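# need a 3D model of the sequence below.
(chains A and B)
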Amino acid sequence: MTIFIKLYLLLNLSLVAFNIVFLLVNRRKRLTAYKINKSFAKEIRQALSESMNDHGDFPLSFAASLREHLPVTRNMLTLQQVIEADEEARQRFQPYIWEQIDHYAKKRDEYERAYYTYILSTFDYSRSKPADSDIVKLLAFLNSNSLYTFSNTMMALYAIGDIPALLRAVEKTDERPEFYHKKLLVDGLLTAKLEHAEFASQLQKNFAGYTPYTQNCLIDYFRLNGSDAVSLCLSLMRDPKTDSEVRYSAMRYFAKHPDPEAKRLFMEILADEDAAWLEQMLSIQALVKYGDPKVRMAIEKKVTSRNWYVRVNALQFMHRNGLRREDVLNILYLRDRYTSEYLLYLYREDEEMTRYIIDTIHLLNVQAEAVQESGNIEAISAPPQLLKVGDENI
Amino acid sequence: MKIFDFVHNVFTEDGVRSLLENVENFFVLYLAGYSTFLFVSVLIGSNQLFTDIKKRQLYNSIHHDYYYPISILVPAYNEEITIVQTIHSLMRLDYRLYEIVVVNDGSKDGTEDIVVNTFGLQRVLRPFRLQIPCKNAISVYEGKSENGVAITLINKENGGKADSLNMGINAAKYPYFVCMDADSILQRDSLSKIITPVLESPNVVAVGSMIRISNDSVFEDGKLVEHRLPKKFLAAFQVLEYERSFLASRILLDKFNANMIISGAFGLFKKDAIINVGGYQTGSMGEDMELIVKLHSYYRSNKLPYSIKYAYDAICWTQVPERMRDLIKQRKRWHIGLFQSLSKHPGLITSGSYIYYLLYELLSPFIELVGILTTVLAYFFDLIAFEYMLMLFLTYALFGASLTIISFTTRNYLSEVPVKFGDVVKAFLLCIPENVLLRHVFVWTRLFSILFYRGKKTKWGKIKRREISYSARN
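Predicted coordinates:
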């Protein structure tokens, strides 16, 4: 047994010793690797304070020094720190940083590659765009497995706003086996500095070639950006083979951008008793902008839907389009607790209506109890007009 | 020596020797296994922390302005001392869109009045879609803070913490919710940190956070400005214990999607996923752990892709018990919660993390106690020499203490607000008693909690609170 104990002691001691050595080595290595290069920082400040030559460029000696220093990530960090708050200075250094693209593309350290693309994403490209050949090189960073390199490169591409490059980037996103969140793509495209109408039209031309995940993202982009995608979304809604998520996105598009043909499709969905609850709900949400009697009638029926979301959305629609007391009474007569409570919530700022609803619910309850006691169950389904007495009581 | 006479009468000496030897071997192997696990965990944990520094320095993170909207659920029971400070701190979070839902679980003190009056809430008749069963709401109040954060207070019939959280989930408007304790404080950037894993990985259903101890630390405007080791020994011991458990298991288990604990003090959940598993288990003493074990069980048995992540830069500051009886009460609750969770989901027995929690958490007090007794008996039967027995215990204590110090110094060295030198010295002095004394208090506490467990339901585990100012130097 003692041999076990000796082994245990030995194991513990070596584990603790290894842990300590590991921590010390790591601390030294990791915490000093990206320490600011003070002499280089001083050189940059000096160059910035000295007058520029006739072309606005830096003196040749400093330019040479930059080319020598910037391949080292630590120096790139130093430069970033010195010029961070000075937009003019940043613009002047931009070409020198882009010059390093080949070098950083070859770097083995994925964190450093991601950092380089982050730096590229921070510039204002409305004043000077990089060369097309450099943008092509930047696109190669999208082949990285690292989420951060990919995401920072996408950010740089959004900032540059070059349509062919972004179209290629969307393709790469589509082909990418690794995860890139829908939200990052949609929000990124929305912030891209480009001619959105033209970009959207190019995306629509290639739309069928994308996976449903990307298609879903793109429709959200069209919807939020206000791009014209009516015919695309209509065809997606009509095509029974469309992926369900893409179809829902297309339906959401029309909630923001009304269209008469879409309205007809939504009415068809509402008329179909077997339609999925999500489609019914999206139809009601999309029809909010149409206040005509036919729409109102179709949605009014949905107040009794078995699905809570459909019911609540129908009620919201009715409330938004102005409910009369008779309508309220009809809804209360359904004696659906959730619906009645939701009605109260919708009228939470209208004291008179709140009182009316509470009194009516009370009256309905009293009447239901009386009917049950008398044994005349059928009387419960009496027409709501009989209960208008409650209205007079207010 | 009656006990030895008894043993001699019952067993033959050779038989007892052989039994003791085998038990002792198992115990040493058990300890060696645990030490190795701790070693690997601390190694991987510290390496991860260094990598995180590099990632931070090199901007390797998701840079995004628009995250998902989040509902913050704050269950409260007799929290009049801390609730206002908590809500004030929540109103100052750096996050674009979120709501605060306080669920008052039938408090007997002035929790309701103080929240309604301080934040000028108005009573509303708001319906809830009860997707998870819970006790009835009595009244609902709504309002908005000056910076536009929606605040909802739901007064409900008393049903316990799990029931309150279920009510909060029913009332939550957004697709993700955060649950937290009414006496905890979230660091200002904590929401964006805790939601980031959702954007980084697919199928994230829950995200855990870093729980740090606020006793005696100094805050300014909700932000930590001075990190102090608490003056009271008991709280200081717990700081060491929290730091060790963070570095010694959370990070490693996270790498294998094997974390079975997300603290109830601060965790993020996908609402749909929690509704799918039926919400929090009422009557459970460790509803937070039970939920995570249930998520693992549900997604694994249905072969659905999922991940439970751990955002260790999302920080929540919480108070720990300063009185021994509160601490014992808390640990009893935790251990029974662990027992309930593991025994309710035996289907997970094939997973490594389940075996770890079973052997090194749930059964550890029994194994340790048997091991100690066996070692002592082995000494009396001349199976081991006294000096070896002593060395075994000393090494075990020193090893634990060394890992505690490594975890504490690493964690704090890498923190934005490091601890003072005096506190490091204090940590060195406290790590041995923490490993020897407190550890054994916990062993007995956990042992008795299981031995005397009668399936009694506990609703709220309360410890004595004290008011802490998070908005100014104290």
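# all helices of the stretch 51-200 of chain A, in order?
Taking DSSP state H, counting those that start in this stretch, the helices of the stretch 51-200 of chain A run over residues A:60-69, A:73-83, A:87-98, A:101-106, A:110-121, A:132-140, A:147-160, A:163-175, A:182-191, A:196-205.
# again with the stretch 51-200 of chain B
According to DSSP H, counting those that start in this stretch, the helices that the stretch 51-200 of chain B contains are B:83-91, B:111-119, B:161-171, B:190-200.
# quickly compare these and say which is most buried.
Mean neighbours per residue, mean count of other CB atoms under 10 Å in any protein chain shown, is largest over the helices of the stretch 51-200 of chain B for helix B:161-171, with a mean of 27. Where you see a C-beta, it was placed from the backbone N, CA and C, and this is true even at glycine.
# where does chain B get nearest to chain A, which residue?
Across chain B, no residue is closer to chain A than residue B:127, which sits at 3.3 Å (CB to the nearest CB).
# excluding its backbone neighbours, what's nearest that residue?
Closest residue to residue B:127 apart from its sequence neighbours, by CB to CB, 6 or more residues apart in numbering or on different chains: residue A:341 at 3.3 Å.
# residues near the residue in the stretch 251-394 of chain A that chain B sits nearest to, how many?
Ranked by CB to the nearest CB, the top residue of the stretch 251-394 of chain A for proximity to chain B is residue A:341, at 3.3 Å. Applying other CB atoms under 10 Å in any protein chain shown, we find 16 residues neighbouring residue A:341.
# residue A:321 too?
Neighbours of residue A:321 (other CB under 10 Å): 16.
# count the residues that sit near the residue lying closest to residue A:120 once chain neighbours are set aside.
Spatial nearest neighbour of residue A:120, excluding adjacent residues (CB to CB, 6+ apart): residue A:156 at 4.2 Å. Burial measure for residue A:156: 23 neighbouring residues, criterion other CB under 10 Å.
# end-to-end on stretch A:181-201?
In stretch A:181-201, first residue to last residue: 23 Å (CA to CA, to the nearest Å).
# quick one: contacts of that stretch?
A:125-126, A:151, A:154-155, A:157-163, A:166-167, A:170, A:173, A:213-214, A:216-217, A:220-222, A:224-225, A:227-229, B:62, B:64-68, B:198-200 (CB atoms under 8 Å, 6 or more residues apart in numbering or on different chains).
# what do you get if the cut-off is 7 Å, keeping everything else the same?
The contact list for stretch A:181-201, computed with CB atoms under 7 Å, 6 or more residues apart in numbering or on different chains, reads A:126, A:151, A:154-155, A:158-159, A:161, A:163, A:166, A:173, A:216-217, A:220-222, A:224-225, A:227, A:229, B:64, B:66, B:199.
# tell me where the stretch 301-450 of chain B has helices.
Under DSSP H, counting those that start in this stretch, the stretch 301-450 of chain B gives helices at B:324-344, B:352-357, B:364-380, B:386-413, B:421-433, B:439-451.
# also the stretch 201-350 of chain A?
Counting by DSSP H, counting those that start in this stretch, the helices of the stretch 201-350 of chain A are A:212-225, A:230-238, A:244-256, A:260-271, A:277-286, A:293-301, A:308-320, A:325-333, A:337-346.
# picking up where we left off before, quick check, pLDDT for the residue of chain B closest to chain A.
At residue B:127, the model reports a pLDDT of 79.
# top helix in chain A by residue count?
Assignment by DSSP state H gives helix A:2-33 as the longest helix of chain A.
# walk me through the domains of the chain.
If you meant another chain, say so; for now it's chain A. A:59-194, A:324-394 (automatic domain parsing).
# my question was about chain B
B:2-44+B:358-451, B:65-343.
# ok, of the ones you listed, where does mean pLDDT dip lowest?
Mean pLDDT values for those show the minimum at domain B:2-44+B:358-451, a mean of 80.
# near chain A at all, it?
Yes: applying CB under 7 Å from any CB of the partner chain, one finds domain B:2-44+B:358-451 touching chain A at B:21, B:24-25, B:28, B:31-32, B:35, B:39, B:42-43, B:378, B:383-384, B:388, B:391-392, B:395, B:399, B:402, B:406, B:410.
# list buried residues within the residues you listed.
B:21, B:24, B:28, B:31-32, B:35, B:39, B:42-43, B:378, B:383-384, B:388, B:391-392, B:395, B:399, B:402, B:406, B:410 (16 or more other CB atoms under 10 Å in any protein chain shown).
# show me what from chain A comes close to chain B.
A:1-2, A:4-5, A:8-9, A:11-12, A:15-16, A:19-20, A:22-23, A:26, A:30, A:34, A:111-112, A:114-115, A:118, A:147-148, A:151, A:155, A:179, A:181, A:183-184, A:187, A:308, A:338, A:341-342, A:344-345, A:348.
# buried ones from these, can you make that a PyMOL selection?
In PyMOL, a selection of the buried entries from these looks like this (16+ other CB under 10 Å):
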select buried, chain A and resi 1+4+5+8+9+11+12+15+16+19+22+23+26+30+34+111+112+114+115+118+147+148+151+155+181+183+184+187+308+341+342+344+345
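# that concludes my questions; thank you for your assistance.
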